[in-house]
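Student: Curious how this folds, go ahead:
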Amino acid sequence: MGTSPSLRLLSIPSMPFLQKHVTIHLGCGLCWLSLNTFVTVNNAADAQSRQDFNGVQGAESTSAQTSRGKSSGSLHGNENNACRIDPLERSRSLSSIGDEDQELGVYAGGLLKSGISANGFRKSAIFRDGFQKSESKSKVSQHFDSDTFLSRYYSRQEKSVTARFSKGNLVRQTPPPVVLDVQCEHLQDLLKQQDWFPKLNEIFRDRVHTVTPQYIARVLQSLEDPVIALKFYIWLEQQKGRQHYSLSAQKLLTGILVRKGPCILSTELLGEIRNAGCKLTEDVFCTLIASWGRLGLAKYATEVFGQMGYLGFSPTTRIYNFVIDALVKSDCLDLAYLKFQEMSAAKCTPDTLTYNLLINGACKNGIIDEVLRLLKQMESVGRIPNVFTYTILINGLCKNKKPEVAFQVLEKMRKKSRLPTEATFRSLIHGVFKWTEGSVAYELIERWLERESVLHEYVCSTILYCLSKLDMAEETCKILKRMIERGYFPDNATFNIVMSCLCKGSKLKHACQLLDEMQKRSGVIGVTTYTTLVSGLFREGREEKAEIYVSEMFTRGVVSDVFSYNILIDCFSKSAMMDRASDLFKDMLEKGCTPNLVTFNTLISGYSKLGKVEKAREFMKDLLQYGFKPDVFTFSSIIDGLCIKHQVHEALKCFNEIVQWGITPNAVTYNTLIRGLCKAGEVSRASVLFSTMQKNGITPDVYAFNALILGLGKMGKLVNAQNLCHYMLKCGEKPDHYTYNTFIKLLCDVGKVDEARQLMLVMEENGCVPNAVTYQLLINCLSSNGRMEEACQSVNWGLSKGISPIDIAAKINGFNARYV
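Tutor: Next up is the predicted model:
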C-alpha cells in the first residue's frame, strides 16, 4: 500500500457544542476517505448526552463491586508481553472490596459502637451444624492493622459524644442547617491576624448555631496552613457547649496536621496563643505528638516532650502513651523503651495501652521473645492482656511466619475468657495467607475450621476472599462446599469474587453450579459476573452453554443500559467475536440505547487487536457522527492495530497527528509504538522514541523497557540489553517474568547455560518466581548441550513448584512466537 496519510480529523476541535460542516479524512494506512457530513449537536442534546454519560459512569462505579479497577485503556503485559488496550476499564471504579483501610476503620470502631465488647460477641441466630451468621455486614477484604486498633483504643479513653435522654427514650437531635455566612476564606484571613481570637468571638457571637460538626469539618479541610488549622481548633476548644464536637474535630485535625504538616511549636506561635488568653491543652499536645509520630519526626517529638514543663504540662500516663506510640510509628523502638523506663521516675504507671504499644513495636520488628517477655511482665504488674493485646500478638506472629503459634494464642484467648473479635479472626486469616505459602496456609485453615464448632459469616467470607485472590480455585471449591454444608452461602460481594476465581481456574462446572444456586436464592447477579463466566465458557469452546447465559442476561434484564451493553460488547471483543460485538451494537441502537465513547473505543480496540483496521476506521467514523471526540485511547487502539498489521510507518504518522488534536500521548501509546518498531527491527527509531517519551515527562514502565530489551536481544546486542536493564533498575522499575525470561533466552542462545541458571536463582531471590517458560528455556538449553541429568533435575524442580509439563509446553510455544 502506498504512503497514504494516517489520520486527519483536525477541522472539528469543539464538535459537541456547535453545528459544524465537517470534512473527515481517515487514513491510518488505508485509502483516503473524504466524508462530508453535517454534524448537528445542539446544546440541549449535548447537555443531555453529558448527563447520560455521567449517569453511566456513576452506575458503572456502583455495579463494579467485585472487580479491581484498572487504568482505562492501559496496556497490560502478559507472559508474551503482549500490549492490549482495554478502553472499557476506563469507566470503572476501584472495587470497594479492596478498600482495606477504610473498611478496617469501619469495623474497628463499629465493634465498640455496636456493643460488642472485648469480652465477647453479641449473640445471633445459630444456623444448623453450628453455623453462626454475623450481624455485621461482611467486609471480606479487611485485615488487621495494629496502628489503627491502637488509635481506636485511644478513642475509648476520650470524651464520648453526650446523648440526651428524655423519659428513658433517646431523643434524636436534628442539627441545624449549615449556614455558611462566615466563609472559610474570610476565616483564614482572620486567623492570620494577631487579634484572631477576639475577632472570632465577635464574629460568631450571634452565629453560634452555625458552628456544627459539618461546618467545623469544612473549615478545617479548607485551611491550607496547619498552624492556622491548629489555631482554629484551639479557639473551638474554648467555646462553651461545643466540647462534644472536639473529639471528631481532634481526629480530623490529626489527619490535617499529617497531610499538610508538620506543625512546629515555635516560640512565636506559643506567644501568640498565650497573648490571646488561651493555652495548649493536653488534647492539643497529644494531637501534635500523634501527628509528629505519623510523619516520622521521632527526634522532634522527644525534644518537645522534654520541654513539657515549659509548656505548662505535668507528665501523665496518657501523654507518655502518645509519645511511645509516636516513637513506635517512627521505628524508634529503643527510644520508646527509654520513655517506658522513665515512667516510674515521673510517677506515671504504665497501663494496658502502654504495654500494647510496646508489644506492637516489638512485633513490627520481629522480636517475638521480647513480646512474650512483655506479656509476662504485664501480667505480673496486674495489667491483664485484653483483646487488642492478643490481636496485636496474632498479627505479629503471622507476620513473623509463626502461624501455628498464632492459632495457639487464639485458643489461649478463649481459655482466659477473652473472646476473639471480628478483627481478631480477620487478622489471623489474612496473616496466615499473606505470610505463609498458599498450600500450607490452606491446610492450616482447613484443620482449624474442622475444630471450630461455630463459624461466623465474616470468617467464611474472609477465607474465600483470600483463596480467591491467590487464584486457588481447587481449594476454593473444596472449602466452599464444606461451608455450604454447614449453612453458609456467600453474600453478593464474596460470590462475585469466588466466581471470578473459579472462572480463571477453569472450574467452570463449579462456577455454573454456584451461579445457578445463587439464582435459586434470588441473589443479585451483576453483569460483570455473568460476562466473566461467559468469557470462560467461550474460551473453553462451550459456546452453547455460554449462549444460554447470554440469553438469560437479557431475560432477567441484566443488560438494559449503556454500561451493561459495554460490558457485554467487551466480553465478545476479548473473545475475538467481533461479529457478535457488532450485532450487539446494532441491537443496542434498535432498542434506543445511545452509545457513549466507551462503546466505540471498545469496538475500535477489538477490531484493532485482530488487525482489522478497516473496520476500526468505520467505527471511528460513527464515533464522530455521534458527536464524540477521539481520545488517547482511541488513537492508541488504532496505532496498535497498525503495528499488528506491520504498518509501523503509518502508525508513526498517526502518532504524530495526535498532538494536532490537542491530545497528549500517554505511556500506553508510547509502549505500543515502541514495541511495534522493535518487532519490525527498527530498534534505533524505537530508542529515539524512548528518549522522546522521557523528555515529555512520561516515565518509561516495565513494558517499554521489555520491548527495547527484546529488540536488542534479537539483534544479538546482549551487552546493550544488560546496560538498559541496569538503567531500568535506576529508574525504579522492577524486572518482571518477561524481562528475566528474555535474558535467560539470550544467555541460552549464546551457550551460557550456567549464567542462565544463576540468573534463575537471582530471579527467585528478587521475588519473581520462575514460571513454566523459565523452566522450559533452561530445560531445552541443558538438553541441547547434552546435560540430561541437569535437565531432568530442572523438570523435577518445576513439578515441585506446581508446574506441569503441559503448562511448560504451552507457555514456551507462546513465548517463542513472541520472541521470534
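Student: In terms of helices and strands, where is residue 359?
Tutor: Counting by DSSP states H and E, the secondary-structure element that holds residue 359 is helix 352-364.
Student: swap that for residue 289, sorry
Tutor: helix 282-294.
Student: Give me the buried positions along that helix.
Tutor: Residues of helix 282-294 classed as buried: 283, 284, 285, 286, 287, 288, 289, 290, 291, 292, 293, 294 (neighbour count, 16 or more other Cβ atoms under 10 Å). From N, CA and C alone the C-beta is placed, and that goes for glycine too.
Student: Any chance of a markdown table for these, columns pLDDT and distance to residue 311?
Tutor: Converted to a markdown table, the buried residues of helix 282-294 look like this (pLDDT from 0 to 100; distance: Cβ to Cβ, whole Å):
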| residue | pLDDT | distance to residue 311 |
| --- | --- | --- |
| 283 | 86 | 13 |
| 284 | 86 | 10 |
| 285 | 88 | 7 |
| 286 | 89 | 12 |
| 287 | 89 | 14 |
| 288 | 90 | 10 |
| 289 | 91 | 11 |
| 290 | 90 | 16 |
| 291 | 91 | 16 |
| 292 | 92 | 14 |
| 293 | 91 | 18 |
| 294 | 89 | 21 |
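Student: Closest to residue 308 out of these?
Tutor: Using Cβ to Cβ, residue 285 is the member of the buried residues of helix 282-294 that sits closest to residue 308, with 7.9 Å.
Student: Which secondary structure element is home to the nearest residue to the closest one once chain neighbours are set aside?
Tutor: Leaving aside its chain neighbours, residue 285 sits nearest to residue 313 (6.2 Å; criterion: Cβ to Cβ, 6 or more residues apart in numbering). Using DSSP H and E, residue 313 sits within no helix or strand.
Student: Contacts only, for residue 313.
Tutor: 280, 282, 285, 319 (Cβ atoms under 8 Å, 6 or more residues apart in numbering).
Student: Now residue 493: which helix or strand?
Tutor: Here residue 493, judged by DSSP H and E, is contained in helix 492-504.
Student: separation between residue 742 and residue 726?
Tutor: 15 Å (Cβ to Cβ, to the nearest Å).
Student: and these two? which has more neighbours close in?
Tutor: Neighbours were counted for residue 742 and for residue 726 using other Cβ atoms under 10 Å; residue 742 has more, 25 against 9.
Student: What is the burial count for residue 694?
Tutor: 13.
Student: Quick check: residue 399 vs residue 440, distance?
Tutor: In terms of Cβ to Cβ, residue 399 sits 16 Å off from residue 440.
Student: just residue 202 next, same as before
Tutor: From residue 202 over to residue 440 the distance is 68 Å, taken as Cβ to Cβ.
Student: same check, this time on residue 716
Tutor: On the measure of Cβ to Cβ, residue 716 and residue 440 end up 44 Å apart.
Student: circling back to that earlier point, report the distance from the helix holding residue 493 to the chain centre.
Tutor: Relative to the mean C-alpha coordinate of its chain, helix 492-504 is positioned 18 Å out (Cα atoms, centre = their mean, to the nearest Å).
Student: and the helix or strand following the helix holding residue 359, what does it pack onto?
Tutor: Once helix 352-364 ends, the next helix or strand along the chain (criterion: DSSP H and E) is helix 368-380. Judged by 3 or more Cβ pairs under 8 Å, 6 or more residues apart in numbering; DSSP states H and E, the packing partners of helix 368-380 are helix 352-364, helix 387-399.
Student: winner for burial among those?
Tutor: Counting by mean count of other Cβ atoms under 10 Å, helix 387-399 has the highest mean neighbour count of the helices and strands packed on helix 368-380, with a mean of 26.
Student: Take that helix, keep the C-alpha atoms, and write them as PDB.
Tutor: The C-alpha coordinates for helix 387-399 follow below in PDB (Å, rounded to 0.1, in the frame of the first residue of the first chain):
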ATOM      1  CA  VAL A 387      -8.500  -8.500  73.100                       C
ATOM      2  CA  PHE A 388      -6.300  -5.800  71.500                       C
ATOM      3  CA  THR A 389      -3.200  -7.300  73.100                       C
ATOM      4  CA  TYR A 390      -3.900 -10.700  71.700                       C
ATOM      5  CA  THR A 391      -4.900  -9.400  68.300                       C
ATOM      6  CA  ILE A 392      -1.600  -7.500  68.000                       C
ATOM      7  CA  LEU A 393       0.200 -10.600  69.000                       C
ATOM      8  CA  ILE A 394      -1.600 -12.800  66.500                       C
ATOM      9  CA  ASN A 395      -0.800 -10.300  63.800                       C
ATOM     10  CA  GLY A 396       2.900 -10.200  64.700                       C
ATOM     11  CA  LEU A 397       3.200 -14.000  64.900                       C
ATOM     12  CA  CYS A 398       1.700 -14.300  61.400                       C
ATOM     13  CA  LYS A 399       4.000 -11.600  60.100                       C
END
